[in-house]
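1. Just need the structure, nothing else, for what follows:
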Amino acid sequence: MLDRQAESGGDIATVMAEIGRKARAAARPLATASAERKHAALIAMADAILRRQQDILDANAADMANGEEAGLSPAIMDRLKLTPDRVRSMADGIRAIAELKDPIGSVVAEWDRPNGLHIERVRTPLGVIGVIYESRPNVTADAGALCLKAGNAVILRGGSDSANSSAAIHACLVEGLKAAKLPEAAIQLVPTTDRAAVGAMLSGLDGSIDVIVPRGGRSLVERVQSEARVPVFAHLEGICHVYVDRSADLDMAVSVVTNAKMRRTGICGAAETLLMDRAAAATHLVPVLDSLARAGCEIRGDEEVRKLYPAATPATAADWMTEYLDAIISVRIVDGVGEAIEHIETHSSHHTEAIIAEDAGTVQRFFDEIDSAILLHNASTQFADGGEFGMGAEIGIATGKMHARGPVGVEQLTSFKYRVRGTGQIRP
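-> Reported below is the predicted structural model:
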């Protein structure tokens, strides 16, 4: 559990500096650790999570009780909650990561120069990764496992709302490191919920941290992006859209839109805005909205939508820019794919967008002209997840355009170096 001495008045700067030093020291042997040893550690972590499932659930029950007392929103409580199925999913995710091909040392490209030099571009770890997150205790497992697989040390700073759950999960990760005789400092959990610890991480801990990954609400991500002195992989929010084209299959549109919004409303891949082609409105709009309403979703529509669906409440300009993370969706009728693209490019956070359509030309235009990290055709936006992409898990979704974009998995947690082999060449 949390180090109460650190939390109740210890020297945060000293504590964090020591964590940084330990992480940097652990990063060196991790960079050259064998694929077999990392695999063994990950399997031992998954086994420990299953073996200690009740400990994790008990810790989570304490966090849930604290969250209810603090009046956390339903969306945050859903992210915070662990169930036996979710604990098993954490273990399964770690096992899936363990079975991925080890990226470190793999040759990304190689070529020969006319002078006889042979050049290789080879994957290497990033070094030390700092992960700052809120509510989601599963991030402890996902981030720890992904960073280890990619040969990185990681410093985890969970939120106060998930402190007990994160500590219980972290204990399982350390057990796996010990079993494989890897440095315990490879995966460290910050032992305090003091906000000063976040500031220390954003400063880079005297050069110890190479990359920061925030997972949380807009205020956290904005702070990280504003204050970080090291590179950041992040997205501010998930304002995700689904466009239903005139060529869309009706049954598919009903099923996909309902799932995109209502499967889990509190995740960043949940659809927040539905765009309906005017040419399909007479046939598709009411069945889609009826399905959403039956699932408990509040409908906020523009004037055209409300004429066809009077139960909808008026949408305001702010609705098109809102990540609800709740059972609410904004709905607009648009004049075909062109106006849908214009709306998305104006209002999207460039996270995830989906098109429901059978016309190949329309789909291709949607894919070509929209600049978001993830685009889907005839599939729910809730697939915006590293696990669903075959990455085992993700450390987050990045919407920037440098280095990592979309789900940040094992490969995205690597850099590269060049190996140049010669036979005595000198440069004239």
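2. pLDDT score assigned to D11?
-> Confidence per residue is given as pLDDT, and for D11 that number is 89.
3. Repeat that for L2.
-> Confidence score, pLDDT, at L2: 48.
4. swap in I395?
-> According to the model's per-residue confidence, I395 sits at a pLDDT of 82.
5. Count the residues that sit near it.
-> Counted by other CB atoms under 10 Å, the residues lying close to I395 total 30. No exception for glycine: its C-beta is placed from N, CA and C like everyone else's.
6. Tell me the spacing between it and S162.
-> Relative to S162, I395 is positioned 16 Å away (CB to CB, to the nearest Å).
7. count of residues packed around the closest residue to I328 other than its chain neighbours?
-> Beyond its immediate neighbours in the sequence, the residue positioned closest to I328 (CB to CB, 6 or more residues apart in numbering) is E298, lying 4.5 Å away. The number of residues packed around E298, counting by other CB under 10 Å, is 15.
8. gap between E298 and V154?
-> As for E298, its distance to V154 is 39 Å (criterion: CB to CB).
9. need the contact list for the residue nearest to I328.
-> By CB atoms under 8 Å, 6 or more residues apart in numbering, the contact list for E298 reads T313, A327, I328, I329.
10. Name the member of these with the most neighbours.
-> For the contacts of E298, the largest number of neighbours (other CB under 10 Å) sits with I329, at 28 neighbours.
11. what's the nearest residue to it if we skip its chain neighbours?
-> The nearest residue in space to I329 (CB to CB, 6+ apart) is K261, at 5.2 Å.
12. SS state for that neighbour?
-> Remark: K261 carries the secondary structure label helix [criterion: DSSP: H, G, I helix; E, B strand; the rest coil].
13. That one is in contact with A271, isn't it?
-> Yes. Using CB atoms under 8 Å, K261 and A271 qualify as a contacting pair, with a distance of 4.7 Å.
14. can you pull out the strands in the stretch 201-350 of the chain?
-> 211-215, 240-244, 271-277, 298-301, 313-314, 328-334 (DSSP state E, counting those that start in this stretch).
15. okay, those in JSON lines with mean pLDDT and distance to A65 next?
-> Written out in JSON lines, the entries for these read as follows (pLDDT from 0 to 100; distance: least, CB to CB, whole Å):
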{"stretch": "strand 211-215", "mean pLDDT": "91", "distance to A65": "23"}
{"stretch": "strand 240-244", "mean pLDDT": "98", "distance to A65": "32"}
{"stretch": "strand 271-277", "mean pLDDT": "98", "distance to A65": "30"}
{"stretch": "strand 298-301", "mean pLDDT": "98", "distance to A65": "28"}
{"stretch": "strand 313-314", "mean pLDDT": "98", "distance to A65": "34"}
{"stretch": "strand 328-334", "mean pLDDT": "98", "distance to A65": "27"}
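16. Out of those, the one nearest A384 is which?
-> Proximity to A384, assessed across the strands of the stretch 201-350 of the chain by CB to CB, is greatest for strand 240-244 (7.3 Å).
17. rewinding a little: with distance to N66 as added columns, please give the strands of the stretch 201-350 of the chain in CSV.
-> Below are those laid out as CSV (distance: least, CB to CB, whole Å):
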stretch, distance to N66
strand 211-215, 20
strand 240-244, 30
strand 271-277, 29
strand 298-301, 28
strand 313-314, 34
strand 328-334, 26
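18. what does stretch 160-174 contact?
-> Residues from elsewhere that reach stretch 160-174, judged by CB under 8 Å, 6+ apart: 1-2, 45, 48-49, 52, 55-56, 58-60, 62-63, 66-67, 70, 72, 76, 80, 82, 90, 133-138, 140-141, 144-145, 156, 158, 184, 187, 189, 193.
19. By neighbour count, which bits of the one helix or strand A163 maps to are buried? Give me those.
-> A163 belongs to helix 163-179 when assigned by DSSP states H and E. For helix 163-179, the buried set under the neighbour-count rule, 16 or more other CB atoms under 10 Å, comprises 163-177.
20. how close does P114 sit to V131?
-> The value you get for P114 to V131, if CB to CB is used, is 45 Å.
21. ok, those two, which is more surrounded?
-> Shown here are P114 and V131; by other CB under 10 Å, V131 has more neighbours (26 against 5).
22. in the sheet, who's paired with V242?
-> L274, A354 (DSSP bridges).
23. ok so, going back, please flag which of the contacts of stretch 160-174 sit within helices.
-> In helices, judged by DSSP state H, the following of these are found: 45, 48-49, 55-56, 58-60, 62-63, 66-67, 70, 76, 80, 90, 138, 140-141, 144-145.
24. residue contacts, L325?
-> Applying CB under 8 Å, 6+ apart, the residues near L325 are S73, A75, T265, G266, I267, A270.
25. no wait, E303
-> E303 makes contact with P314 under the criterion CB under 8 Å, 6+ apart.
26. Give the buried residues for stretch 88-104.
-> Here stretch 88-104 shows 89-98, 100, 102-104 as buried, counting by 16+ other CB under 10 Å.
27. can you confirm R419 is in a strand?
-> Yes. Membership of R419 in a strand is supported by three-state DSSP.
28. L156 versus that one, what's the distance?
-> 32 Å.
29. ok, back up a step: from the contacts of stretch 160-174, which would you call buried?
-> In the contacts of stretch 160-174, burial by neighbour count holds for 2, 45, 48-49, 52, 56, 59-60, 63, 66-67, 72, 76, 80, 82, 90, 133-138, 140-141, 144-145, 156, 158, 187, 189, 193, counting by 16+ other CB under 10 Å.
30. so I132 makes contact with G216?
-> Yes. I132 is in contact with G216 according to CB under 8 Å; the separation is 7.2 Å.
31. With neighbour numbers in mind, choose between the two.
-> I132 (27 against 21).
32. who's that one bridged to?
-> Checking I132 by DSSP bridges, which sets the bridge assignment, gives partners R157, P214.
33. Which residues are in contact with it?
-> Going by CB under 8 Å, 6+ apart, I132 touches R157, V198, M201, I212, V213, P214, R215, G216, L220, V224.
34. Also H343?
-> H241, T273, L275, W320, R332, V334.
35. same thing but 7 Å
-> For H343, the contacting residues are L275, R332, V334, by CB atoms under 7 Å, 6 or more residues apart in numbering.
36. Just the CA trace of the helix or strand hosting R123, in PDB.
-> Here R123, judged by DSSP H and E, is contained in strand 118-125. Once non-C-alpha atoms are left out, strand 118-125 reads as follows in PDB (Å, rounded to 0.1, in the frame of the first residue of the first chain):
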ATOM      1  CA  HIS A 118      26.200  -2.100 -44.500                       C
ATOM      2  CA  ILE A 119      23.600  -0.100 -42.500                       C
ATOM      3  CA  GLU A 120      20.900  -1.400 -40.200                       C
ATOM      4  CA  ARG A 121      18.200   0.400 -38.300                       C
ATOM      5  CA  VAL A 122      17.500  -1.500 -35.100                       C
ATOM      6  CA  ARG A 123      14.800  -1.200 -32.400                       C
ATOM      7  CA  THR A 124      15.900  -0.100 -29.000                       C
ATOM      8  CA  PRO A 125      14.100   0.800 -25.700                       C
END
